[in-house]
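**Student:** Everything below, folded, please.
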Amino acid sequence: MACRISELVLDAVDPDRLAAFWSDVLGYVELEREADGSVAIGPPDAGYGGPQPVLVFGPTVDPRPTKLRLHFDVNATDRDQDAELERLLALGARPADVGQTGEESWYVLADPEGNEFCLLRTRLDPV
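**Tutor:** This next block holds a predicted model:
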């Protein structure tokens, strides 16, 4: 028996803003809101325990000290990479420079709080 990732928990200065951004990016919905200000989002048809992990944004007042040691890679499901890039930028993502050469097949972006993520080229089934 093995484990699988069921939830990813991220600190956020503004959990509502990040939850809204990532819900739009991933097609997730709000699943739960805690008294401490945490917001959980996940797939609309599965919620907790489904095949895709739930994201939980917990409030923090501590600024991010350095580059994250973990980042998300995302793939478009219903359009090509360039069209998805335009959509993500319209949602509030912005280009990020982490030392890429310009020859990569992916785009490095940052979410509204500066957390880096990559938009990969391959289109995936929406599953």
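**Student:** tell me the contacts of the residue lying closest to P63 once chain neighbours are set aside?
**Tutor:** Among residues not flanking P63 along the chain, V13 sits closest, at 7.6 Å (Cβ to Cβ, 6 or more residues apart in numbering). Any C-beta I mention is one placed from the backbone N, CA and C, and that applies to glycine too. The contact partners of V13, by Cβ atoms under 8 Å, 6 or more residues apart in numbering, come to P59, T60, V61, P63, E113.
**Student:** Pretty sure V39 sits against A19.
**Tutor:** Yes - if you go by Cβ atoms under 8 Å, V39 and A19 touch, sitting 4.0 Å apart.
**Student:** what about the strands in the protein?
**Tutor:** Along the chain, counting by DSSP state E, strands occupy 7-12, 29-33, 39-42, 54-59, 72-74, 94-95, 107-110, 116-119.
**Student:** Let me know which of these is tucked in deepest.
**Tutor:** Most buried of the strands of the chain, by mean neighbour count (mean count of other Cβ atoms under 10 Å): strand 39-42, with a mean of 23.
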